[in-house]
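In: build me a structure from this.
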Amino acid sequence: MRDKIIIVDDDDDHCKLLVQYLSKHGFEVIGCSYSGQDTIGLFHSHVPDLIILDLLTPRLEGLELCTEIRKVSDIPILFVSTYADDYVKISAFNLGGDDYISKPLNLDVLLARIKAQIRRNKRAFPVNQRHLLQYPGLEVDLSTHTVLSYGKEAILSTKEFQLLVLLAKNPNRVFHTETLYDLIWRDSKLGDVRTVMVHIYNLRQKIEEQPHNPRYIHTVRGAGYKFNGAVSLTAIESHS
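Out: Here you go, the predicted model:
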């Protein structure tokens, strides 16, 4: 399986050059995005192994996009930019960037940096941890977009799957309803925050053994929702 990369750069010629070069060297470029907002949609629809991120991305600056991605993922983020200012580089690293390369790029150096970052991330997060989210009674396969609940496949919509992945990858973290809406529906902006509540309800119906008494997705009154990372196998078996 080829490693997957998202490129975020508003320079069309530069994007085409990178796609051609990286494809030649065995990578799958799953998206060449011209805006941060488009990238959020791509990110939630795929499981990239690395993101190449230009600092000057329109409508959502690179540093802001890096912050948004770091809320939900530890995948390597490699910044590229014409900026040579040390303050900008420090800001990029402080916000979660893993590497920084100045433009104009030396493509061979870029390739070596990409391989090093992906190799380091794979050592830190083995395959079963990167592509499978496993909790007692629940398994989410990020590569095939399948969910097993109590041994049975749960058929989820795209947004339900994205919502589940976001919560399950951040156990015990409380997400405000507005934050969930912004992260999952940013690319479409359809409906309003009530959309989140409807999807949470539907998700519970599909993955919870007792939707009225959920074990996985908890409501935090006055705040939002969280995934219960402390769910125990004993507790589940006692209700089976």
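In: beta partners of the nearest residue to residue 175 once chain neighbours are set aside?
Out: Closest residue to residue 175 apart from its sequence neighbours, by CB to CB, 6 or more residues apart in numbering: residue 224 at 5.0 Å. Heads up, the C-betas are built off the backbone N, CA and C, glycines and all. In this entry, residue 224 is beta-bridged to residue 176, residue 220, by DSSP bridges.
In: quick one: contacts for residue 224?
Out: 174-177, 179-180 (CB atoms under 8 Å, 6 or more residues apart in numbering).
In: what comes into contact with stretch 77-88?
Out: Contact partners of stretch 77-88, identified using CB under 8 Å, 6+ apart, comprise 9, 50-56, 62, 66, 69-70, 89, 92, 96-103, 105, 110, 113-114, 117.
In: go through those residues and flag which are in helices.
Out: For the contacts of stretch 77-88, the ones inside helices are 62, 66, 69-70, 89, 92, 110, 113-114, 117, with DSSP state H as the criterion.
In: all strands for the protein, in order.
Out: Under the criterion DSSP state E, strands of the chain are mapped to 4-8, 28-33, 50-54, 77-81, 99-102, 132-135, 138-141, 146-149, 152-154, 175-176, 217-220, 224-227.
In: please identify the deepest-packed of those.
Out: The highest average neighbour count among the strands of the chain, using mean count of other CB atoms under 10 Å, belongs to strand 50-54 at a mean of 25.
In: ok, it: who's next to it in the sheet?
Out: Strand 50-54 pairs in its sheet with strand 4-8 (parallel), strand 77-81 (parallel), by DSSP bridges.
In: quick one: those strands as TSV, columns for mean pLDDT and distance to residue 161 too.
Out: Formatted as TSV, the strands paired with strand 50-54 follow (pLDDT from 0 to 100; distance: least, CB to CB, whole Å):
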stretch	mean pLDDT	distance to residue 161
strand 4-8	92	17
strand 77-81	91	23
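In: so which of those strands gets nearest residue 138?
Out: strand 4-8 (24.8 Å; CB to CB).
In: just want the angle from the closest one to strand 28-33.
Out: Comparing the axes of strand 4-8 and strand 28-33 via axes from the mean of the first three to the mean of the last three CA atoms, to 10 degrees yields an angle of 20 degrees.
In: report the backbone C-alpha coordinates of strand 4-8 in PDB.
Out: This file holds the C-alpha atoms of strand 4-8, laid out as PDB (Å, rounded to 0.1, in the frame of the first residue of the first chain):
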ATOM      1  CA  LYS A   4      -0.800   8.900   1.100                       C
ATOM      2  CA  ILE A   5       0.000  12.600   1.000                       C
ATOM      3  CA  ILE A   6      -2.200  15.700   0.900                       C
ATOM      4  CA  ILE A   7      -0.600  18.900  -0.600                       C
ATOM      5  CA  VAL A   8      -1.900  22.300   0.500                       C
END
